[in-house]
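>>> how does the following fold in three dimensions:
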Amino acid sequence: MISFARPANFLTVNPDSISNPELREFVRQEQLCHRERLQEHQPQRKTRVHDLPEAPRPLMRVFQAKDNGGTDDQQTPTPDIRPLTAAQFLRLALPPREKIIAPWLPEKGLVMIYSPRGIGKTFLGMTSAYAIGSGGDFLGFEISKPRKVLYIDGEMPAQVMQARLAAIVTGFTKQPPSDDHLRFLFADLAEFGLPDLSTAEGQAWFDARLDDAEVVFLDNISTLVRSGKENEAESWRPVQSWILRLRREGRAVVFLHHAGKGGAQRGTSNREDVLDTVISLRRPADYSSDQGARFEVHYEKCRGFYGEKAQPFEARYEVRDGASIWTVTEIVDAERARVVAALQDGMSIREAADALGMHRSKVERLKRRATENGEFMAAGETAEAASVSLSRPLRGETPRQ
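Okay, here's the model as predicted:
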């Protein structure tokens, strides 16, 4: 006699991976019934786009086929995989791993972007999501083709996100090829917010809404992952298991996260173990609040790229005439410009170093480079020569979409 119970992960298990034909058909029918149930409860109110019912809790936590003397003991499915020899592995015809956003987001990539509060990570996250959905380059990043994106926001007011998205859309020349290429889940539009991503029930809820998304943005960890202790690796493991499963399904995941008081990403460092890329956004030393979203982009972990592609740079986000505009400046150019401005304001080398948070030797080196480039009026230089040299734009300040 064979009996089946619905598995805990019945929404995501691939029926074709089940060898038992009766069990395979059972799981397939369970998934079909669940999809039909969701379609029957489509929301009617346009302002409540996330009122779909939560995925039902599993009736029984495991499935077990009682065959050939099997028992009823609860078990979790075990992988049907055997070790490969080196020769067998090298003969596998694996598809190349292309870049979704070159250089920092590969296919099936796992990425974290973190910063202190208010730096601009959501601006960068939303623009990245729209660029992927539309296939449009920005900030010098290259997007090879449009891909389907799901952006999940657990924090911001819907009105703010709507205004930001409108500016981003206006600022791009390319548009997503279909409405399904860029979808959003906003906690602010759900009566009770979004489920806790660290629970099995919460993960099942999100699984039912992923559809064919190739890239998933999670903005941010502290609002979407609410169970457990942030500093404990054990509390992060359920989420890590979930994102690794998404990677096995062929999806890429981008986390947005906050920095702690010391400047590093907040909480357990175990989050970074399985990631391909970790990006830190930092305030420039001379930042002022009237400059809006201006920050330095630093690659703290860059698996698969190095050298010039991994160099830090300065980015600034602005909205002009309703359209978003990104400009990028090389860090060394931005630092040199700040040194030039300080010295031309009459500061000494020591005073400029203190004001800019640099070592005196660095200020002297940047001053010497600026003088060589004709960007700084050295002692004895005529005002006419200075006016010519100072009219030259610093390298790397060209706006980029």
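>>> so residue 109 is in contact with residue 100, correct?
Yes: with contact taken as Cβ atoms under 8 Å, residue 109 and residue 100 are classed as touching, separated by 6.8 Å. The C-beta positions use only the backbone N, C-alpha and C, and glycine is treated the same way.
>>> what's the overlap in contacts for the two?
Both residue 109 and residue 100 are contacted by residue 252, under the criterion Cβ atoms under 8 Å, 6 or more residues apart in numbering.
>>> more crowded one of the two?
Each of residue 109 and residue 100 has its neighbours counted (other Cβ atoms under 10 Å); residue 100 has more, 26 against 22.
>>> so what does that one look like in phi/psi?
Dihedral angles phi and psi of residue 100 (degrees, to the nearest 10) take the values phi -80, psi -50.
>>> then residue 110?
The phi/psi pair for residue 110 (degrees, to the nearest 10) reads phi -120, psi 120.
>>> mind pulling up the pLDDT for it?
Listed pLDDT for residue 110 reads 98.
>>> name the residues of stretch 298-312 that come out as buried.
Of all the residues in stretch 298-312, those buried under the rule 16 or more other Cβ atoms under 10 Å are 298-299, 301-302, 305.
>>> put the alpha carbons of that stretch into PDB.
Only the C-alpha atoms of stretch 298-312 are listed here, as PDB (Å, rounded to 0.1, in the frame of the first residue of the first chain):
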ATOM      1  CA  HIS A 298      33.300  50.200  -2.900                       C
ATOM      2  CA  TYR A 299      33.500  46.500  -3.800                       C
ATOM      3  CA  GLU A 300      34.400  44.600  -0.600                       C
ATOM      4  CA  LYS A 301      33.900  41.200  -2.200                       C
ATOM      5  CA  CYS A 302      34.100  40.800  -5.900                       C
ATOM      6  CA  ARG A 303      34.100  37.100  -7.000                       C
ATOM      7  CA  GLY A 304      34.700  36.900 -10.700                       C
ATOM      8  CA  PHE A 305      36.100  40.400 -11.400                       C
ATOM      9  CA  TYR A 306      39.100  42.400 -10.400                       C
ATOM     10  CA  GLY A 307      41.500  45.100 -11.400                       C
ATOM     11  CA  GLU A 308      40.100  48.200 -13.000                       C
ATOM     12  CA  LYS A 309      36.500  46.800 -12.900                       C
ATOM     13  CA  ALA A 310      36.700  46.500  -9.200                       C
ATOM     14  CA  GLN A 311      38.000  50.000  -8.500                       C
ATOM     15  CA  PRO A 312      35.800  52.200  -6.300                       C
END
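>>> any idea of the mean pLDDT in that stretch?
Mean pLDDT, computed over stretch 298-312, is 94.
>>> any idea how far residue 317 is from residue 106?
24 Å (Cβ to Cβ, to the nearest Å).
>>> am I right that residue 226 is in contact with residue 198?
Yes: with contacts counted by Cβ under 8 Å, residue 226 reaches residue 198, the gap being 6.8 Å.
>>> what mean pLDDT does stretch 229-245 get?
The pLDDT scores in stretch 229-245 average 91.
>>> mind listing the helices for the stretch 1-150 of the chain?
21-40, 86-91, 121-134 (DSSP state H, counting those that start in this stretch).
>>> let me fix that: the stretch 151-300 of the chain
Using DSSP H, counting those that start in this stretch, helices in the stretch 151-300 of the chain cover 158-171, 200-210, 221-224, 233-248.
>>> indicate which one of these is closest to residue 280.
Between residue 280 and the helices of the stretch 151-300 of the chain, the tightest spacing by Cβ to Cβ is seen for helix 221-224, at 14.7 Å.
>>> how about that closest one, which residues are buried there?
Neighbour-count burial for helix 221-224, counted by 16+ other Cβ under 10 Å, picks out 221, 223-224.
>>> other SSEs contacting the strand or helix carrying residue 353?
Under the criterion of DSSP states H and E, residue 353 resides in helix 349-356. On a contact count with 3 or more Cβ pairs under 8 Å, 6 or more residues apart in numbering; DSSP states H and E, helix 349-356 meets helix 331-344, helix 360-372.
>>> give me the contacts around it.
By Cβ under 8 Å, 6+ apart, helix 349-356 touches 285-286, 335, 338-339, 342-343, 347, 358-360, 362-364, 367.
>>> which of the residues you listed are buried?
For the contacts of helix 349-356, a burial check counting by 16+ other Cβ under 10 Å picks out 286, 335, 338-339, 342-343, 347, 358, 363, 367.
>>> distance of the nearest residue to residue 135 once chain neighbours are set aside from residue 125?
The shortest distance from residue 135 to any non-neighbouring residue, by Cβ to Cβ, 6 or more residues apart in numbering, is to residue 146 (3.9 Å). Separation of residue 146 from residue 125 (Cβ to Cβ): 18 Å.
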